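Asks: Quick one, structure for this:
(2 chains)
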Amino acid sequence: MGVNLRFRHRRARLTVGCNQRETAERCIFGGKMRLSHIALVALLLTAGSAALPAQSTPPADEPEPNQRPVPDQRPEPPQRPKRGTLLDVIKAIAPPLIEGATSRPPRPVTEAPPEAAPDPRPRPRPAPEPVLEPIAAPVRPVSRPPPRVTPAPTVAAVAPRPVPPRPVSSRPRPPRPEPAPSAVIAPPSPPVVEMPAPLPPAPLPSAPSSPPPAPTAKIAPSLPVADPVPPPSPPAAIATEAAATSGQTDWWLLVLFAAALAVAATAIHKLRRLRQIAHTRAVLAIDPRLDSALGDCSTSGLALTGPRFSMHARLLPAADG
Amino acid sequence: MAEHFPLSALLPAKLDSMAEQVQARLCEDEQVGGMKLAWDFIGKELGTALKSVLDCDLLEVLGGAWAKAAPLAELADPAKQAPGERSLVELAKHELKRDLHPVITVTIGSCPCVELKFKYALIANIGAVRLVVVDGHILGGDLGELWASAQLSYEGTPLHPPSESRKLALPALFEFAPPGIKIPVLKADGERTG
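Replies: Numbering: from 1, shown residues only, chains lettered A, B, ... in the order given. Got it, this is the predicted structure:
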């Protein structure tokens, strides 16, 4: 279980990282966001990254805490809705800010800001109960890596992390309380647990627990998808990937552009140089000569080593008779 | 016929400082100084012109110096050497210095031409040489050892250190193009003719 939590925690962090990068790229390349927006997003991301661990933990707890640890780790990663978590967090932290941009669904979400919705807080707990069941089902199927699952102690270590989330301050209870699995486990998983829940309540007109699922309605689509098969790529995910890819493309384009500039500069320089040489050649006239009249010559130590040797060779006419 | 050993072969391959000095000299004319010229190109052209002027054969230059030496003067006198007579003269170790003055006239556009005067100082140390003289001309010879170096300067400023002068491996036997190098005739008053 502890391992499971960690794993999710990591994934949540990864998701946050992607979103942050995306935001940065948008800011840098797209120029679509204003400074105030950037600051707001940064604030939300920071708060969200801190709150994420709490959200990710819950689902694993509800179902059977004993059996899960081992099978849960591997199988879930692929099915988990990675992108939805951040949105949830942001909604939970600053619903009023996001409302306008995202959708109307009542933000009374489970973790609504302290001041905004003081009443609904008690509800979040009841909601997790129904949700636990759907999550447990998908988790079971996968059960390959039994050896890895061992960190029972880690649970304790992981448990403290979920504590940070301020809204559930009253839940500090450790996950130990197995007697009441659903009730105890509910606290740590307010946001994530609710995701699956929305489906069942959705059909229902308006149950008491409907508020929590309603806000997650957007994210819900991704959750149900994870259960049946693996089409986990909500628009948000695609957008994130596309943004990341476009960021890399932009960098490549930048490098290519710089290289093209360098080549162009070199070509221009060569062209200018050729022109300059042609111009110089056209106006330049050179006439070299050797001024023999000025040549000086001096010798030292020049002397004959011996008498001159001369010879004169000639053919004598043949003597007749 | 011996191999050709040009005087320019004693100069370094690159004379970078020449372009700078020539540029400074040519830019004294404001009109030239205002023109955007490829001075490195001009420097290369001057270097090429200079080497073309110094394309003389080293041994011919040395032969000219030997021809003016006193010991060979009497060989130019027909009275002392019968026509067709072949004389062999051996010269002991000696040093020979010869200054040459290449001049390059440079004209840029419509500006008045500028004469650039260089000095090529040749120094040769000859261990021994045997010369063949026929009819008052040095036809060739036989060299013992020879070391030669050269220094090119412009208006008194050396364009390269003397140590950069190259060393040439000269052949032992050499010949001059017919009729050879003429030995000037010594007149009665000591002047040379021819």
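
Asks: Quick one: find the helix or strand in chain B with the lowest mean pLDDT.
Replies: Evaluated with mean pLDDT, DSSP states H and E, the helix-and-strand set of chain B has its lowest mean pLDDT in strand B:192-193, which scores a mean of 60.

Asks: Flag the shaky bits of the chain, pLDDT-wise.
Replies: Answering for chain A, as no chain was given. For chain A, applying pLDDT under 70 flags the ranges A:1-239, A:243, A:293-294, A:319-321.

Asks: My question was about chain B, not that one.
Replies: Low-confidence segments of chain B, defined by pLDDT under 70, are located at B:1-3, B:163-169, B:187-194.

Asks: Going along the chain, name the strands of it.
Replies: Applying DSSP state E to chain B gives strands spanning B:86-91, B:94-100, B:102-108, B:114-126, B:129-134, B:137-143, B:146-154, B:157-158, B:173-175, B:181-182, B:185-186, B:192-193.

Asks: Serialize these to JSON lines and add fields for distance to B:L26.
Replies: All C-beta atoms are positioned from the backbone trio N, CA, C, and that covers glycine. Shown next, in JSON lines, are those (distance: least, CB to CB, whole Å):
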{"stretch": "strand B:86-91", "distance to B:L26": "44"}
{"stretch": "strand B:94-100", "distance to B:L26": "23"}
{"stretch": "strand B:102-108", "distance to B:L26": "7"}
{"stretch": "strand B:114-126", "distance to B:L26": "6"}
{"stretch": "strand B:129-134", "distance to B:L26": "43"}
{"stretch": "strand B:137-143", "distance to B:L26": "41"}
{"stretch": "strand B:146-154", "distance to B:L26": "12"}
{"stretch": "strand B:157-158", "distance to B:L26": "15"}
{"stretch": "strand B:173-175", "distance to B:L26": "40"}
{"stretch": "strand B:181-182", "distance to B:L26": "38"}
{"stretch": "strand B:185-186", "distance to B:L26": "44"}
{"stretch": "strand B:192-193", "distance to B:L26": "39"}
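
Asks: Could you work out which of the ones you listed reaches nearest to A:F309?
Replies: With CB to CB, the closest approach to A:F309 among those belongs to strand B:86-91: 4.4 Å.

Asks: A:L253: how many residues sit nearby?
Replies: For A:L253, the tally of surrounding residues (other CB atoms under 10 Å in any protein chain shown) stands at 12.

Asks: and it, that one's in a helix?
Replies: Yes - applying DSSP: H, G, I helix; E, B strand; the rest coil, one finds A:L253 inside a helix.

Asks: what separates A:R275 from B:C111, distance-wise?
Replies: In this view, A:R275 and B:C111 are 20 Å apart by CB to CB, to the nearest Å.

Asks: Could you do B:I42 as well?
Replies: For B:I42, the distance to B:C111 (CB to CB) stands at 13 Å.

Asks: Those two - which one has more neighbours?
Replies: Between B:I42 and B:C111, counted using other CB under 10 Å, B:I42 has the larger neighbour count: 21 against 15.

Asks: The more buried one and B:M18 touch, don't they?
Replies: No - under the criterion of CB atoms under 8 Å, B:I42 lies out of contact with B:M18, with a separation of 10.0 Å.

Asks: Those residues of the stretch 151-300 of chain A touching chain B, which are they?
Replies: Where the stretch 151-300 of chain A comes near chain B, counting by CB under 8 Å from any CB of the partner chain, the residues are A:273, A:276-277, A:279-281, A:283-292, A:294-300.

Asks: PyMOL command for the buried members of those residues?
Replies: With 16 or more other CB atoms under 10 Å in any protein chain shown as the criterion, this PyMOL line picks the buried residues out of those:
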select buried, chain A and resi 276+277+279+280+284+286+288+290+295+297+299
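
Asks: Among the residues of the stretch 151-300 of chain A next to chain B, which are located in helices?
Replies: For those, the ones inside helices are A:273, A:276-277, A:279-281, A:283, with DSSP state H as the criterion.

Asks: just curious, which of these is nearest to B:P179?
Replies: Proximity of those to B:P179 was ranked by CB to CB; the top entry is A:R281 with 41.5 Å.

Asks: Would you mind measuring from the nearest residue to that closest one once chain neighbours are set aside to B:A19?
Replies: Nearest residue to A:R281 in three dimensions, chain neighbours excluded: B:F41, at 7.3 Å (CB to CB, 6 or more residues apart in numbering or on different chains). Here B:F41 is placed at a distance of 9 Å from B:A19 (CB to CB).

Asks: Could you report the neighbour count for A:T249?
Replies: Around A:T249 sit 11 other residues, with neighbours defined as other CB under 10 Å.

Asks: Nice, that's everything, thank you.
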